[in-house]
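Novice: For reference, the sequence and a predicted model appear below.
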Amino acid sequence: DAGVIQSPRHEVTEMGQEVTLRCKPISGHDYLFWYRQTMMRGLELLIYFNNNVPIDDSGMPEDRFSAKMPNASFSTLKIQPSEPRDSAVYFCASSLLRWPGSSNTEAFFGQGTRLTVV
Amino acid sequence: SQQGEEDPQALSIQEGENATMNCSYKTSINNLQWYRQNSGRGLVHLILIRSNEREKHSGRLRVTLDTSKKSSSLLITASRAADTASYFCATKGTNRDDKIIFGKGTRLHILP
């Protein structure tokens, strides 16, 4: 498996534009996570899905952020309209969680998308 | 919040020395994990220790867990330049839908 694949790797956009980040999780993984990383706030969980269903979106900063997972192999994180404070590295991660018993809860991360909003 | 907090925030040591990083958390956990992040890259899983384990080894890595103190430590022995990275602890709560929560990391710099 190629691992978690994110695209694009880098995105520079102007304030007010719509930005769409994409993620392909590892095949067979039940959980998908979107994280944002900045120097000031560290790694923040934005939203996560279980079997394509959003479970917890309490980390999504504002209504400008939305995430979808139309099928088990694809997810998007959209920011509309984008603002300079959204500049960060956005990571997608997937994991296979089995419950109860074996807690095989290692998360596999993509390479991230570095977003710059000017 | 069950978020882990790493200590120290930054650490510089000479190559060949041992590096120790600590993590504290607040609520009961199912397991605790350590991840490494090289500059500009994603996080890579290093080791997982379950709540009923006290110590675990993997190559040059040694992890301890003290659930009574809600703390963990990561020891890297005989450090190498390639160990330069940020190290994060992540905790998984005891409920099924508990998220994996990451700390802010320790930046480790190995001096040649």
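Specialist: Everything's here; your move.
Novice: Relative to B:H45, how far out is A:F108?
Specialist: 7 Å (C-beta to C-beta, to the nearest Å). C-beta coordinates here come from the backbone N, C-alpha and C atoms, glycine included.
Novice: who has more neighbours, those two?
Specialist: A:F108 (20 against 17; other C-beta atoms under 10 Å in any protein chain shown).
Novice: for the record, mean pLDDT for the helix or strand harbouring the more buried one?
Specialist: Here A:F108, judged by DSSP states H and E, is contained in strand A:107-109. On average, the pLDDT along strand A:107-109 is 89.
Novice: Next: stretch A:36-56.
Specialist: 90.
Novice: how about the strands in chain A?
Specialist: All strands of chain A, identified by DSSP state E, fall at A:5-7, A:10-13, A:19-24, A:31-38, A:42-50, A:53-56, A:65-71, A:74-79, A:88-95, A:107-109, A:113-117.
Novice: Which neighbours in the sheet does the second one have, and how are they oriented?
Specialist: I take that to be strand A:10-13. Paired strands of strand A:10-13, with direction, are strand A:113-117 (parallel) (DSSP bridges).
Novice: if I look at the residue positioned nearest the centre of chain A, how far off is chain B?
Specialist: The centroid of chain A falls nearest to A:W34 when counting by C-alpha atoms, centre = their mean (2.4 Å). Applying C-beta to the nearest C-beta, to the nearest Å, the value for A:W34 to chain B is 12 Å.
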